[in-house]
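# show me the folded form of this:
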Amino acid sequence: AFELSQLREMFFSLTPTGISSVGNDDVKVSIVDGQLRVDAPAGSRIAVYAADGRLVEGRTLTRGLYIVKVNDKTYKLLAR
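Residues are numbered from 1 along each chain as shown. Take a look at the predicted model:
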């Protein structure tokens, strides 16, 4: 990361750029029947937050939007 004041040059290209493919993600996160399911490598750090930023304890989730952080990746999930 860098400060905006350190930016010396910026340009816009006429050729669109972006991600052409998504690599294999070894982490799978879902909510099934109110239960959080995480398939991740052993030793992964997992944190679940409610939409208002509260840390959620336990694996049973009521209806709503949740943010699940697994190691350095973040996932948005909807419990129905």
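# alpha carbons only for contacts and neighbour counts from here, please
OK.
# stretch 73-80: which residues count as buried?
For stretch 73-80, a neighbour-count test (16 or more other CA atoms under 10 Å) marks Leu77, Leu78, Ala79 as buried.
# low pLDDT regions in the chain?
1-2, 16-25 (pLDDT under 70).
# what's across from Ser30 in the sheet?
Here Ser30 sits in beta bridges with Arg37, as judged by DSSP bridges.
# out of the buried residues of stretch 73-80, list just those in strands.
Mapping the buried residues of stretch 73-80 onto strands (DSSP state E) picks out Leu77, Leu78, Ala79.
# could you dump the residues you listed into TSV and include distance to Ala51?
Shown next, in TSV, are these (distance: CA to CA, whole Å):
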residue	distance to Ala51
Leu77	10
Leu78	10
Ala79	11
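# Ile31 reaches Leu77, doesn't it?
Yes - counting by CA atoms under 8 Å, Ile31 touches Leu77, with 7.2 Å between them.
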